[in-house]
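**Student:** Here is the input, now give the coordinates:
(chains A and B)
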Amino acid sequence: MYIIIALVALVFIVLTGVVISRLQGVLKSINKTDSEEVETSGNKFNGAMFIVILIGGAVSITWSYLHAREFFLPEASSIHGRRTDDLFWFSMGILTIPFIIVNFLVFFFAWKYQHKKGHRATFYPENHKLELVWTIIPAIVMALLVFTGWKAWSDITAEAPRDAEVIEITGKQFNWIARYGGVDNNKLGDYNYKLIDAQNEVGIDLSDENSFDDFTNPSEMHIPVGRPVLLKIRARDVLHSVFIPHMRVKMDAVPGMPTKFWFVPDKTTADMRAETGNPKFDYEIACTEVCGQGHFSMKMRLIVDDEATYKKWVSEQATFLSTYPEYLAKVPENLKAKAMKYVPAEAATPAADSSATSAGGAGASSSLR
Amino acid sequence: MSAIEGLETAHHHADEHAHHHEAQSFWQKYIFCEDHKVIAKQYLITGILWAVVGITMSVIFRIQLGLPDSNLSWLKPILGGWISDAGKLDPNFYLALVTMHGTIMVFFVLTAGLSGTFSNFLIPLQVGARDMASGFMNMLSYWFFFLASVIMFASLFLQQGPAAGGWVIYPPLSALPQAHPGSGMGMTLWLASMAFFIVSQLLGGINYITTVINLRTRGMSFDRLPLTIWSFLITAVLGLISFPVLLSSVLLLIFDRHFGTSFYLSDIYINGEALPNVGGSPILFQHLFWFLGHPEVYIVLLPALGITSEVIATNSRKPIFGYRAMIASMLGIAFLAFIVWAHHMFVTGMNPFLGSVFMFLTLIIAVPSAVKGFNYITTLWKGNIVFTPGMLFSIGLVSLFVSGGLTGIILGNSALDIQLHDTYFVVAHFHLVMGAASAFGLFAGVYHWFPKMFGRMMNTSLGQAHFWLTFIGIYLVFIPMHYVGIAGFPRRYYQFTSYDFTHKFMDMNMFISIAAIFTFLAQFIFLWNFFYSIFKGRKAPQNPWRSNTLEWTAPIIPGHGNWEGEIPAVYRWSYDYSKPGAKEDFIPQNIPYSQTPESNFPHENELIATEKVIESQNFNDQFKTHH
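**Tutor:** Residues are numbered from 1 along each chain as shown, chains lettered A, B, ... in the order given. A predicted model of the protein is given here:
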């Protein structure tokens, strides 16, 4: 890379040198009388430069693309991601054609039709047929691209399938918090931003019985492979945006307006480690909506597990109530009994419970959802 | 001291158009001046100064991004506390730099500097008017801009730094001082500055529209207007419709910040405290902002395209191809500009159906844009091209406009935007298509009309050197930036070390930064050429580019009222270059068909009969109407 930079620097310096040396000649002729003729100083040189740029540009764009390719993201790890990738490269392929044609024509014409003494340009003010042609062709190409894009977009943004694993992700300055529906009922409880405090970071509403077995995780998110995952996205202070580059997932997190995005991850973290040959590979969740000082480091690890590992992981998590039993006080009297079983005082029961769930879990429970 | 009626009743200089007033004081002549040419120069020079500030900022954050290990202690004399003792740039100040770079370049350089300069300078000169419809409003327009500039500039020196939430200032970040240091006083000043800026734009825009509609000279029908004027007219209309919406969004944000309203705020818990605001929507702000924000792209770009049309036609020595199609495509772009704003918001959680609609509308815009591109190319075809610096920049603009515009077709596709939104792909796209292309339009305009502005020529060779270094530099910066975007790098990141997926491409980022520094340095050629030529440049001839438009019929340095004696009448369109049979390869607009029988087409011979009528009209000369 240093070599390229040095090369570019060299080109710049040479260019400057050439131009300045030409300048000397021009400066000499400057003091001559102002002729009525069009001034054409440096015309040959500039015309030739267009051809140099045309060839040099074509070579460097081709080379740099081939060079850059290895740094692009690996093949998408989600089903819709591969679809949008294909669409992206298909569109890029189509658009490369006008890119080449237009730049070629601009540069080539500039060189070919440079000023010649005694020559006169062709008076050619309009040609309706020609104009109609190049209005209609782009319109047809656009229609094609719109149609393919629209199909993909409607599928991606359609309602999530009913068996989707629902996980809540909340953005705050400056980290993400994942919340799961729980070890037992797998339903997210209600929330209210006014209930947020130092422990209850996402404002879990403990007057809703669904929230008793909810658990949160501020550093990593686990999702099952091969099954739709529906992210319910919230922000608690300013705008954030959930970005999972390898999954081609992005959706803003908006305070006061929950958003969602669903996708089907189909490569586990282990698969990707094998595929990329990088034993340390990890999926990552980033923020792509500027949110303040820590915007560039709002990282959350994303782990895609196979179904059994995922189930096991879920069953091992400590519920919010068991971590902070003092919140039992917020549970309404009539539900206290229900909530009690998630409180560590009865540590034996949750273990029994979860083993029961996971026993039936691996095979059958997905149909229950 | 132009035609504005009644405001200065002391000066009655009604019928004496050749009459010179009592000598104007320095203040009247150069500072609080009502002459459109001086106001244009004020805009231009302010714009250039802002460009220096704005581009310097980009170089500083490019160093941070491309050379993250470098020691920036040498910037301490300028940036002071924003550079840590270890020589590192403060992350908050990084965001402030990004924000101010965007704000300055979009609004102060490419809106005020480009449209403000050339609309002011060219509209009266090219439509054949003594001055703007209201010189006083025009003066106010500049001074409101100046006030906005002073406020914005002052905000750079705040202890907490200037606004720092991105140039789009999305709330709640921008609404909550506790969320970010840049959302405190810096944001207050940003909002105040923008409010004045909008006032300035509206005062200017009303003037441009009125002047084009009402003060065209005899015979200057709409179908004879140069494309520059068409573009300025359409731009002004765009601004007049969209800027008030930005003003309202800014006002509502001010209310949220200072008066406890909840237009944009709801369900917020920050700094250990749940805010009482409920019911607002941050998305509302985005809709309002982009209702201006997207037309703004065309407010920036259309004048550049207008200038390019004129410069390409003149220097190809050919009529612009498809004059009417060019106007139609500009009108089409302008109309569509208002109904595509939500393509900036595909992944904000707005209704996906709305996304489909906006995707469809957005991609339609490619059609008139393509027409413009092809028409430029056909204008070059079989031309007799003179590579003046202005021409080079215009050709460069066409290349940049098309190259950058094509990736817009990718981004306008909502399905593809999911991955690319807010990555460097977007940054690369809009810098090519609206940033660099419009800047090239600005350069083309400056090189082309410098002789008319200052009566002197800029140095051609330096101009050509400036072009090549800039043109190559721009591509070296922004083509690789697409790769960085495809690799998923998000924008507005202080550094890329936090993630594995961005922990690569260091070389590419370094390359981009070094190319940016090269390009930045190349601009000093322009600065030197510009300021040196104002004072020491070669004296300009009457019509240095052998151009057809009316401004070249005015004295080399036009005085108050632009033309001595009568305003010239107009008998033809402005693109009679290389007409078959004509003696010269250009026929200025003020030459009647009766004088050019050798080159007239049959339908033009019929127009000779109307010449008498055109000549006898004179209702638009402001010097001939009573004050």
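**Student:** Quick one: neighbours of residue A:149, just the number.
**Tutor:** Residues lying near residue A:149 (other Cβ atoms under 10 Å in any protein chain shown) number 26. Bear in mind the C-beta positions are built from the backbone N, C-alpha and C, glycine included.
**Student:** Same check on residue B:133?
**Tutor:** Residue crowding around residue B:133 was assessed by other Cβ under 10 Å; the count is 23.
**Student:** Which element, helix or strand, includes the residue nearest to it when sequence neighbours are not counted?
**Tutor:** Of all residues not flanking residue B:133 in the chain, residue B:210 sits nearest, at 4.0 Å (Cβ to Cβ, 6 or more residues apart in numbering or on different chains). Assigned by DSSP states H and E, residue B:210 belongs to helix B:185-214.
**Student:** Name the next helix or strand downstream of that helix, please.
**Tutor:** Next in sequence after helix B:185-214, counting helices and strands by DSSP H and E, comes helix B:227-258.
**Student:** what pLDDT does the residue nearest to residue B:133 get?
**Tutor:** Note on residue B:210: pLDDT of 95.
**Student:** what does residue A:16 give?
**Tutor:** At residue A:16, the pLDDT recorded in the model is 64.
**Student:** where in the stretch 351-500 of chain B is pLDDT low?
**Tutor:** The stretch 351-500 of chain B contains no residues with pLDDT under 70.
**Student:** Equivalent analysis for the stretch 251-369 of chain A, please.
**Tutor:** Ranges of the stretch 251-369 of chain A meeting pLDDT under 70: A:345-369.
**Student:** At the contact with chain B, which residues of it appear?
**Tutor:** Residues of the stretch 251-369 of chain A found near chain B (Cβ under 8 Å from any Cβ of the partner chain) are A:251-252, A:254-260, A:280-282, A:284, A:286-297, A:299.
**Student:** PyMOL command to pick out the buried ones of these?
**Tutor:** Restricted to buried positions by 16 or more other Cβ atoms under 10 Å in any protein chain shown, the PyMOL selection for these reads:
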select buried, chain A and resi 251+252+254+255+256+257+258+259+260+281+282+284+286+287+288+289+290+291+292+293+295+296+297+299
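**Student:** Restricted to strands, list the residues of the stretch 251-369 of chain A next to chain B.
**Tutor:** Among these, the residues falling in strands (DSSP state E) are A:251, A:252, A:259, A:260, A:284, A:286, A:287.
**Student:** Burial check on the nearest residue to residue B:561 once chain neighbours are set aside, number of neighbours?
**Tutor:** Distances taken as Cβ to Cβ, 6+ apart place residue B:130 nearest to residue B:561, at 4.5 Å, with adjacent residues excluded. Residues within reach of residue B:130, counting by other Cβ under 10 Å, total 24.
**Student:** Before we move on, what's the pLDDT of residue B:130?
**Tutor:** pLDDT, residue B:130: 91.
**Student:** just residue A:181 next, same as before
**Tutor:** According to the predicted model, the pLDDT of residue A:181 comes to 89.
**Student:** what about it, distance to residue A:304?
**Tutor:** Separation of residue A:181 from residue A:304 (Cβ to Cβ, to the nearest Å) stands at 18 Å.
**Student:** just how off-centre is stretch A:272-283 within its chain?
**Tutor:** 19 Å (Cα atoms, centre = their mean, to the nearest Å).
**Student:** separation between residue A:195 and chain B?
**Tutor:** From residue A:195 across to chain B, the span is 8 Å (Cβ to the nearest Cβ, to the nearest Å).
**Student:** the strands in chain B, which residues?
**Tutor:** Using DSSP E, the strands found in chain B span residues B:269-270, B:273-274.
**Student:** Quick one: closest of the ones you listed to residue B:81.
**Tutor:** strand B:269-270 (25.3 Å; Cβ to Cβ).
**Student:** Does the closest one reach chain A?
**Tutor:** Yes. Residues of strand B:269-270 contacting chain A under Cβ under 8 Å from any Cβ: B:269, B:270.
**Student:** List the neighbouring strands of that strand plus their orientation.
**Tutor:** strand B:273-274 (antiparallel) (DSSP bridges).
**Student:** how distant is the partner strand from the center of its chain?
**Tutor:** So, by Cα atoms, centre = their mean, the centroid of strand B:273-274 is 43 Å from its chain's centroid.
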